[in-house]
Each structure stands twice: as C-alpha cells, then as structure tokens.
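1. Could you work out the structure for the sequence below:
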Amino acid sequence: MVKPVLNIDVKSLNSFCVMLFTFTLLIFVVLISARKVSAQDAIFSQHFANPLYLNPAFTGTNNCNRLIFNYRNQPFPQFGSFSTYSFSADYHSDFLSGGIGLNLLHDTQGGLIDQSQVGAFYAWQSRLSDTWNISLGIQVSYINTRLNRQNLIFPDQNPQNNNTISTTGETFNQPTGSHIADFSTGLLIYSNRFYAGLALNHISQPEVELFENSLLERKYSLMIGYNLIPAERNHRNSENISVSPNIIIQSQSSYLRFNYGLSAGINSIIGGVWFRHSYQHPNTLIFMLGLKQVNYTIGYSYDYSLSGFSGVGGGAHEIGVLLNFACREPESRYRILNCPTF
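-> Numbers count the residues shown, from 1 in each chain. Sure, this is the predicted structure:
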C-alpha cells in the first residue's frame with residue numbers, strides 16, 4: 001500500500017464534507033422512496049472482505065492483483081441450510097485507466113432455493129485534485145435461480161410406516177428455474193484517509209420466474225469511512241497501528257439495514273466490532289478477528305443475534321481469505337484506496 005500523507009489540506013477537507021453531505025442527502029431520499037416488498041440479496045458481514053460485491057467501484061483500487069474467497073454459513077436449523085460462497089478477482093490496468101474484475105457467487109436458501117451468478121466488472125479511475133480521486137464502476141451479471149422442488153413437502157404427503165413420504169398430487173406447471181441478465185453501478189470518491197461511495201444494484205429490476213414472477217428489487221448502498229494511521233513516533237520501535245470507523249446503509253425492497261462499527265489492526269493482528277440493525281429494532285452484533293500479512297489476509301467473523309436465535313454456535317459464521325500478488329508501485333496520477341482494515 002502507498003503510505004498515507006499525514007497532512008490534510010483544510011480546503012480539500014471542506015470540499016469532502018460538502019460532497020459527503022450531498023451524497024448522504026441523496027441516498028436518504030432514495031432510501032425513503034424504495035419500499036416495495038420482494039426478494040433480497042445475500043449479505044456478508046465482512047463487507048470489505050468482499051469489496052466488489054459491496055460496490056463495483058472498488059474494482060482495481062488496490063496496488064496488488066487480488067484473489068478473494070468468502071464463505072458464510074448459518075447452521076440453523078442444520079449446518080449448511082443457509083450458506084453463501086463467493087469468489088472474486090480484480091486488478092488495476094493503466095492501459096484501461098481503471099480496474100477489471102470477476103465475481104462468482106452461489107447462495108443456498110434452506111435447501112429450497114439455489115442462486116448462482118457470474119459478474120464482470122470495470123471501474124474507471126481518475127484524480128479530481130491532488131487530494132481527491134474518483135472511481136466509477138459498472139457490473140454486468142448472469143443470474144440463475146432454481147427451486148429444488150424435490151425438497152418440498154405438501155399436505156397430501158403423509159409419512160408411511162417406514163417413515164418415507166408419499167408422492168404428492170401437486171403438479172408443477174410453472175417454471176422452477178430462472179435465467180436473467182443484471183446490471184449494477186457504483187461510485188467512490190476518496191483520499192488517503194476518507195472515502196464515500198454509492199452503489200446501485202439490479203438497475204433494470206429483472207423478473208425472477210419461480211411460480212409467480214417477482215422483481216429482483218433494486219438495492220441502494222451508501223458507505224462512508226475514515227482510515228486513521230497514527231504517525232510513527234520513531235522508526236525503530238513504532239507499531240503498525242490502524243483504526244477504521246465506517247458506516248454502511250443499505251435498502252432493498254422494504255428492508256432498510258444499518259451497519260456501523262470499526263476495525264483496527266496492530267502489526268499483523270486485526271479485529272473489529274460492528275452493529276447491524278433494521279430501521280425498527282436491533283438485530284446483530286458482529287465480531288471479527290484475523291491475521292494480515294503482506295501477501296495474504298485471513299479473517300473470521302461471528303454474528304451474534306440480539307433476537308435470541310443464535311444459541312450456542314447458532315449464529316452466522318463467516319470466513320474471508322484475501323491473496324495479494326504482483327504488487328506494484330502505482331503511477332503518480334492514480335492513488336490507491338486505503339480500505340478499512342480486513
């Protein structure tokens with residue numbers, strides 16, 4: 001990573017505050033207007049361990065090529081009932097004036113619905129000034145949704161003496177699989193320490209055909225954060241310390257979700273605590289612990305439900321693995337984004 005500049009220009013900071021207020025006002029208006037009930041996307045607690053999934057504008061904002069693997073599992077009512085896998089890769093290309101990337105995702109919902117998607121990303125990046133930079137990202141995806149009808153049990157399927165389930169008389173005239181194209185976009189404005197971004201997923205609201213056609217509702221995301229790296233007191237004994245408070249607000253259909261907290265790192269050890277809740281009531285405490293090295297980072301997080309559903313080991317478990325390779329010094333016209341500690 002490029003070492004941050006510790007002196008922040010006051011004029012640039014004021015400009016950032018104006019832009020931040022504008023973004024916040026815009027996203028507030030958009031969130032209030034988006035209230036229709038429909039399907040929702042899979043979520044990850046380690047947002048910044050899956051940056052392309054959070055916002056296409058994160059594509060290629062690292063000075064290294066990245067491979068990222070994420071796995072999330074909620075073992076209720078049984079292990080694997082609700083699980084999500086994600087794999088992504090991205091890198092910055094000076095020739096393309098930005099970054100390109102790829103994301104593969106598979107989501108299993110209670111053994112009844114499986115969703116797989118493949119997404120391609122491009123983000124154009126440029127300087128706004130000596131301090132501020134911009135990244136505009138787009139995503140084009142193919143999404144396949146399938147209903148596992150063999151796992152459905154209907155009222156006319158009574159258990160037999162050998163505990164098997166009889167054949168149902170129900171017929172399936174409706175499609176049990178859907179194939180759609182999907183489009184998303186995102187924006188990031190950032191400096192060495194601050195970042196603010198917007199993302200809009202499912203721009204065209206494609207129809208998912210399972211029994212009844214339903215729209216894949218647009219998802220709106222706002223993210224704001226600050227990356228604090230204290231100045232070194234002396235070069236021989238100073239510790240590599242970073243603190244990153246951040247907030248993410250997401251709205252999809254009738255669901256409005258707030259996620260805020262902070263992550264911190266001391267040398268190679270990283271950790272974090274976040275609080276996630278809906279508009280109405282508290283929901284989840286998220287704890288993260290990990291190991292960060294030059295070429296790789298591994299993080300584990302646990303979601304503790306405040307609604308009483310976690311139990312012993314019953315909360316959601318998540319693992320993120322980041323691999324860096326082919327790192328390079330960026331050209332002076334590009335600035336690397338210091339994301340919150342992962």
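2. all helices for the stretch 51-200 of the chain, in order.
-> 51-54 (DSSP state H, counting those that start in this stretch).
3. can you give me the strands for it?
-> Taking DSSP state E, counting those that start in this stretch, the strands of the stretch 51-200 of the chain run over residues 65-74, 82-93, 98-109, 113-127, 133-147, 177-190, 194-201.
4. So which elements touch the fifth one?
-> Judged by 3 or more CB pairs under 8 Å, 6 or more residues apart in numbering; DSSP states H and E, the packing partners of strand 133-147 are strand 98-109, strand 113-127, strand 177-190, strand 207-210. For every residue, glycine as well, the C-beta is placed using N, CA and C.
5. Of all those strands, which one is nearest His47?
-> Proximity to His47, assessed across these by CB to CB, is greatest for strand 177-190 (13.1 Å).
6. Could you check that closest one and say which residues are buried?
-> For strand 177-190, burial by neighbour count (16 or more other CB atoms under 10 Å) applies to 178, 180, 182-190.
7. Make JSON lines from those and add pLDDT to it.
-> JSON lines is the format used below for those (pLDDT from 0 to 100):
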{"residue": "Ser178", "pLDDT": "82"}
{"residue": "Ile180", "pLDDT": "91"}
{"residue": "Asp182", "pLDDT": "95"}
{"residue": "Phe183", "pLDDT": "96"}
{"residue": "Ser184", "pLDDT": "96"}
{"residue": "Thr185", "pLDDT": "96"}
{"residue": "Gly186", "pLDDT": "96"}
{"residue": "Leu187", "pLDDT": "95"}
{"residue": "Leu188", "pLDDT": "94"}
{"residue": "Ile189", "pLDDT": "93"}
{"residue": "Tyr190", "pLDDT": "89"}
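8. returning to that earlier point: nearest to Phe48, out of the helices and strands packed on strand 133-147?
-> Phe48 lies closest to strand 177-190 among the helices and strands packed on strand 133-147, at 12.4 Å (CB to CB).
9. Can I get that closest one as CSV, trimmed to CA atoms?
-> C-alpha atoms of strand 177-190 as CSV (Å, rounded to 0.1, in the frame of the first residue of the first chain):
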residue,chain,number,x,y,z
GLY,A,177,-35.8,-22.0,-12.9
SER,A,178,-35.0,-18.5,-14.0
HIS,A,179,-32.2,-17.1,-16.1
ILE,A,180,-31.7,-13.3,-16.1
ALA,A,181,-29.2,-10.6,-17.0
ASP,A,182,-28.5,-8.0,-14.4
PHE,A,183,-26.7,-4.6,-14.3
SER,A,184,-25.2,-2.6,-11.4
THR,A,185,-23.1,0.5,-10.9
GLY,A,186,-21.2,2.3,-8.2
LEU,A,187,-19.3,5.5,-7.3
LEU,A,188,-16.4,6.1,-4.9
ILE,A,189,-14.7,9.4,-4.0
TYR,A,190,-11.7,9.0,-1.8
